[in-house]
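Chemist: here are the coordinates; sequence isn't available:
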């Protein structure tokens, strides 16, 4: 073959029209690979037959459109990922009362000794309560039989669980009315402070988690519309509220109390002190007559005023009293320092700073004292916060969470704000001023030494409040020795440079 013949063959080969060149590509099956990276396209093998010495002319038209035409084919050829089958859920083993085994013990009452619903017993087991506290054993004996009761007990005795267990049992045994509004609670708990309401509601949520009962709270200082939306979203079985906010909802017609089966008044003595009784009277007038509802009243003291209220609001109540001296925990080591009023802050600062205490609660009698102590601690470099009636509710909740998580080192509070605070791990309680009511001393020192841990309380007795000591010692049934603080704890506080 001469050179001329080869050139003619090549010209004929590369002189084909673009359509002719593309035809084989467009009809190629979808499984063929897309544009090759080595410069060769499928089916183009003729160039391989050309002798190595033959010049290969560049084709006039590049097959770019063929690449574009092939692209969708390659996308269609992508393998489809198989669906992931959901993992089979582990079978839920139904809870049985036999799973909550508690051996009988002499002198102790088990929750098994009462006829409680399995759903409630399941929650009690989750909370780790094998035996009743003294007030629970006594109160439940009366209330589960449908009787009214008044109880004298301090915070920390288990009274909250006592009345909650009674309420839950009543609501589970009695089916709800077929027709009722969203804002018609079947049980009502009134408490004097926002913190106490929040704590009671948390305990109620823990005990009702297997029952299907709904718990709601109404407190001042929180978003009104948000609380209203919660009320409108579902039926309310147990309502926990402060008197003022509950009255707001009731007077607006959002809450109706005509279906209340059980009513609880917690810390009635404190409600008296805070002037809430007129509001409470208005609320109680909206509930069924006292012979058509069960009423439970709890108070730290049985003053004449408290007993008069109990007589007005209850029917033939059973009376349960738990002695105060049993409440002042033996785990709390109590100290009293005799110190001049002018030296109290120096003693407080040096105690906290020198010892490196990380979770301390300081009590003072007045809101202005609380604010002043907190401001000085913060100025002197101590991470402190205050809790009083002047602090907005959203900030109070945030402060309590920060203290619980260890972000706040010192919490300064009034007695009213300190009620209902249940935080484990408080190592020290300091009474910057001695309380004016002896029972408040027991409440204060009960913030430490919780859950079997050891705690320490230190009280500052100055010229303005040392006269309170005899009544406190009479309540405790023992004398507390006054100590003189070491000199180094009374040194001046060095001002932090900005």
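Modeler: Structure's in. What do you need? Just so you know, these numbers come straight off a predicted model, no measurement behind them. Numbers count the residues shown, from 1 in each chain.

Chemist: Could you measure from the residue nearest the centre of the chain over to residue 275?
Modeler: Nearest to the geometric centre of the chain sits residue 202, at 6.7 Å (Cα atoms, centre = their mean). Per Cβ to Cβ, to the nearest Å, residue 202 is found 27 Å from residue 275. (Glycine included, C-beta is placed from N, CA and C.)

Chemist: what does residue 433 give?
Modeler: Remark: distance between residue 433 and residue 275 (Cβ to Cβ) = 22 Å.

Chemist: and what of residue 247?
Modeler: Separation of residue 247 from residue 275 (Cβ to Cβ): 13 Å.

Chemist: How about residue 115?
Modeler: In terms of Cβ to Cβ, residue 115 sits 41 Å off from residue 275.

Chemist: Please apply the same query to residue 243.
Modeler: According to Cβ to Cβ, residue 243 and residue 275 sit 10 Å apart.

Chemist: Looking at those two, which has the bigger crowd around it?
Modeler: Legend: neighbour count by other Cβ atoms under 10 Å for residue 243 and residue 275, higher for residue 243 (24 against 9).

Chemist: For the helix or strand where residue 403 lies, buried residues please.
Modeler: Here residue 403, judged by DSSP states H and E, is contained in helix 393-404. Going by neighbour count (16 or more other Cβ atoms under 10 Å), the buried part of helix 393-404 is 396-397, 399-400, 403-404.

Chemist: What ranges does the stretch 251-400 of the chain have for its helices?
Modeler: For the stretch 251-400 of the chain, applying DSSP state H, counting those that start in this stretch gives helices covering 268-273, 277-285, 304-313, 344-355, 367-379, 393-404.

Chemist: Most tightly packed of these?
Modeler: Highest mean neighbour count among these (mean count of other Cβ atoms under 10 Å): helix 268-273, with a mean of 21.

Chemist: Tell me the helices and strands packed up against it.
Modeler: Contact partners of helix 268-273 among helices and strands, from 3 or more Cβ pairs under 8 Å, 6 or more residues apart in numbering; DSSP states H and E: strand 294-299, helix 304-313.

Chemist: and if we set it to 10 Å?
Modeler: If you count contacts as 3 or more Cβ pairs under 10 Å, 6 or more residues apart in numbering; DSSP states H and E, helix 268-273 packs onto helix 277-285, strand 294-299, helix 304-313, helix 415-418, helix 438-445.

Chemist: Show me what that helix is in contact with.
Modeler: Helix 268-273 is contacted by residues 150, 152, 190-193, 196, 242-243, 265, 267, 276-277, 279-280, 297-303, 305-307, 309-310, 313, 415-416, 419-420, 437, 439-440, 443 when judged by Cβ atoms under 10 Å, 6 or more residues apart in numbering.

Chemist: Now list the buried members of the residues you listed.
Modeler: 150, 152, 190-193, 196, 242-243, 265, 267, 276-277, 279-280, 297-302, 306, 309-310, 313, 415-416, 419-420, 437, 439-440, 443.

Chemist: where does this protein dip in pLDDT?
Modeler: 1-92, 154-156, 221, 323-329, 419-420, 451-452, 496-498 (pLDDT under 70).

Chemist: Tell me the spacing between residue 146 and residue 129.
Modeler: Residue 146 sits 23 Å away from residue 129, going by Cβ to Cβ.

Chemist: between those two, which one's more packed in?
Modeler: A count of neighbours by other Cβ under 10 Å puts residue 129 above the other of residue 146 and residue 129, at 18 against 10.

Chemist: wouldn't the more buried one be in contact with residue 158 here?
Modeler: Yes. With contact defined as Cβ atoms under 10 Å, residue 129 and residue 158 form a contacting pair (8.3 Å).

Chemist: what touches both of the two?
Modeler: Both residue 129 and residue 158 are in contact with 136, 165, where contact means Cβ under 10 Å, 6+ apart.

Chemist: just the strands in this protein please.
Modeler: For the chain, the strands defined by DSSP state E occupy 149-152, 187-190, 215-218, 238-241, 262-265, 294-299, 318-321, 332-338, 360-363, 384-387, 410-413, 428-431, 455-461, 482-483.

Chemist: Present those strands as JSON lines; the columns should include distance to residue 178.
Modeler: Compiled in JSON lines, the strands of the chain are given as follows (distance: least, Cβ to Cβ, whole Å):
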{"stretch": "strand 149-152", "distance to residue 178": "30"}
{"stretch": "strand 187-190", "distance to residue 178": "18"}
{"stretch": "strand 215-218", "distance to residue 178": "21"}
{"stretch": "strand 238-241", "distance to residue 178": "20"}
{"stretch": "strand 262-265", "distance to residue 178": "20"}
{"stretch": "strand 294-299", "distance to residue 178": "22"}
{"stretch": "strand 318-321", "distance to residue 178": "33"}
{"stretch": "strand 332-338", "distance to residue 178": "52"}
{"stretch": "strand 360-363", "distance to residue 178": "49"}
{"stretch": "strand 384-387", "distance to residue 178": "45"}
{"stretch": "strand 410-413", "distance to residue 178": "46"}
{"stretch": "strand 428-431", "distance to residue 178": "51"}
{"stretch": "strand 455-461", "distance to residue 178": "51"}
{"stretch": "strand 482-483", "distance to residue 178": "66"}
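
Chemist: between these, which gets nearest to residue 137?
Modeler: Nearest of the strands of the chain to residue 137, taken as Cβ to Cβ: strand 318-321 at 9.4 Å.

Chemist: re earlier: could you dump the buried residues of helix 393-404 into CSV and include distance to residue 109?
Modeler: Formatted as CSV, the buried residues of helix 393-404 follow (distance: Cβ to Cβ, whole Å):
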residue, distance to residue 109
396, 36
397, 35
399, 38
400, 32
403, 34
404, 31
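
Chemist: can you tell me which of those residues lies nearest to residue 108?
Modeler: Nearest to residue 108, judged by Cβ to Cβ, of the buried residues of helix 393-404 is residue 404 at 30.5 Å.

Chemist: For the closest one, which non-adjacent residue is spatially closest?
Modeler: Distances taken as Cβ to Cβ, 6 or more residues apart in numbering place residue 423 nearest to residue 404, at 5.1 Å, with adjacent residues excluded.

Chemist: Quick check: the one you found vs residue 374, distance?
Modeler: 17 Å.

Chemist: Got phi/psi on the residue nearest to residue 404?
Modeler: With angles defined as degrees, to the nearest 10, residue 423 sits at phi -130, psi 120.

Chemist: Touching, it and residue 413? I think so.
Modeler: No. If you go by Cβ under 10 Å, residue 423 and residue 413 don't touch, sitting 11.4 Å apart.

Chemist: which one of these two has more residues nearby?
Modeler: More crowded of residue 423 and residue 413, by other Cβ under 10 Å: residue 413, with 27 against 16.

Chemist: Okay, and the beta partners of the more buried one?
Modeler: residue 363, residue 387 (DSSP bridges).

Chemist: any idea how far it lies from residue 400?
Modeler: From residue 413 across to residue 400, the span is 10 Å (Cβ to Cβ).

Chemist: Then residue 168?
Modeler: 26 Å.

Chemist: cool, and residue 274?
Modeler: 20 Å.

Chemist: repeat for residue 258
Modeler: Going from residue 258 to residue 400 by Cβ to Cβ gives 35 Å.

Chemist: Touching stretch 96-114 from outside, list them.
Modeler: Residues contacting stretch 96-114 (Cβ under 10 Å, 6+ apart): 93, 116, 118, 120-122, 124-126, 129-134, 136-138, 140-141, 144, 161, 165-166, 169.
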